[in-house]
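Visitor: Pasted the sequence and its predicted model underneath.
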Amino acid sequence: MDADTLNTIARSNIKLEKYEELAAEFQRAHLPLYVDLMVGLPGQTLPSFQNDLQECINREVHAKVFQTQLLVNSPMNEPSYREKHGIVTKPGDLVVESGSFTRDEYDAMLRTRMVFFLTEKFGALRYVARYVRAETGQREIDLFDAMWETARANPRRWPMLDFTLNVLPRFMVPPVSWRAFIDEVHDYLVEIVGLPDDDALATVLTVQHTMLPDRRRPFPYTVDLPCDFVAWFEAMIEAKHAGHLEDWPGQIPPLREFGPGTLSVEDKREVCSYEMGRNAESNPWDAWDLDSPISRPVALQS
């Protein structure tokens, strides 16, 4: 979605106004909606790539993120174009450097991509991130990056976060237990983010835990919540549909102002049986969305 990158690669997108209209229609009809993104395009930067991911988060759509590969006879593979834009490739012709990003910055984009896959696309921290955005204004993509940086800097203090964000995308199974992971997320949110340790935080952590796939969990599964997260989440979606993609936290009441509620979850797609244990990028259509009032619809693949 970055104008400089689109200009460099001589491409254009559907007008955003039309896209917003279509996206709202799809989401209200509970139909799956995906965005195709590329990483490693000439003209791209680490911040512009992070902004693209955040735009997908703002719109509550699944993102399929592909590495840029030079194909035979493609305009980007033409020698003068490669020279003009400083394109460097590795075996297989994957672009790993250009005039707009270094090899280290490309590696950082790949790391951001994998953390995004786990936390947002598969949903391991999707609901936590919405709550943090509402409470602090911090963008979801920045929260994910900050959690990664903190865990990498002090893995002894944050072993579950470090393992989950750095190793789990290769295996996509619970990190010993989801409960241990959620407990450490709680500590991070209280100690580092500075969130109040109240019923609202307990609600969102219970929701996040409930939405993670577990082969031992019986379905349907229902949890009681101190605050009605489903109603709060639906209010957020309606605010986004009304055009408040970025400032939605100021358009809805805080979660703690919602009375008690419940969340019921089923696994009609058998995510717990068939969608776990594979590399996070093995299938761009994959997601861990269980069936619930707050889940995104997912395309069924044969």
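Guide: On my side now, so go ahead.
Visitor: Nearest the geometric middle of this protein, what residue?
Guide: The geometric centre of the chain, computed from its C-alpha atoms, lies nearest to E120 (Cα atoms, centre = their mean), at 2.1 Å.
Visitor: Hmm, N58 and that one touching each other?
Guide: No: contact between E120 and N58 fails when scored by Cβ atoms under 8 Å: they sit 11.3 Å apart. (Glycine included, C-beta is placed from N, CA and C.)
Visitor: what are the ranges of the strands in the stretch 151-300 of the chain?
Guide: Secondary structure of the stretch 151-300 of the chain (DSSP state E, counting those that start in this stretch): strands at 221-225, 261-265.
Visitor: Minimum distance to S74: which of the ones you listed has it?
Guide: For S74, the closest of these is strand 261-265, at 44.5 Å, according to Cβ to Cβ.
Visitor: quick one: average confidence on stretch 198-206?
Guide: For stretch 198-206, the mean pLDDT works out to 98.
Visitor: List the buried residues in that stretch.
Guide: For stretch 198-206, the neighbour count (16 or more other Cβ atoms under 10 Å) marks A200, L201, T203, V204, L205, T206 as buried.
Visitor: out of everything not next to it in sequence, what's closest to the first one?
Guide: The shortest distance from A200 to any non-neighbouring residue, by Cβ to Cβ, 6 or more residues apart in numbering, is to R256 (3.9 Å).
Visitor: and if you look at the second one?
Guide: If the residues on either side of it in the chain are set aside, L201 comes closest to L195, at 5.6 Å by Cβ to Cβ, 6+ apart.
Visitor: And I87, what's its pLDDT?
Guide: Looking at I87, its pLDDT is 90.
Visitor: neighbours of it, just the number please.
Guide: Using other Cβ atoms under 10 Å, I87 has 22 other residues around it.
Visitor: So what sits opposite the closest residue to it other than its chain neighbours in the bridge?
Guide: Among residues not flanking I87 along the chain, S98 sits closest, at 5.2 Å (Cβ to Cβ, 6+ apart). For S98, the residues forming beta bridges with it (DSSP bridges) are F101.
Visitor: Noted, bye for now.
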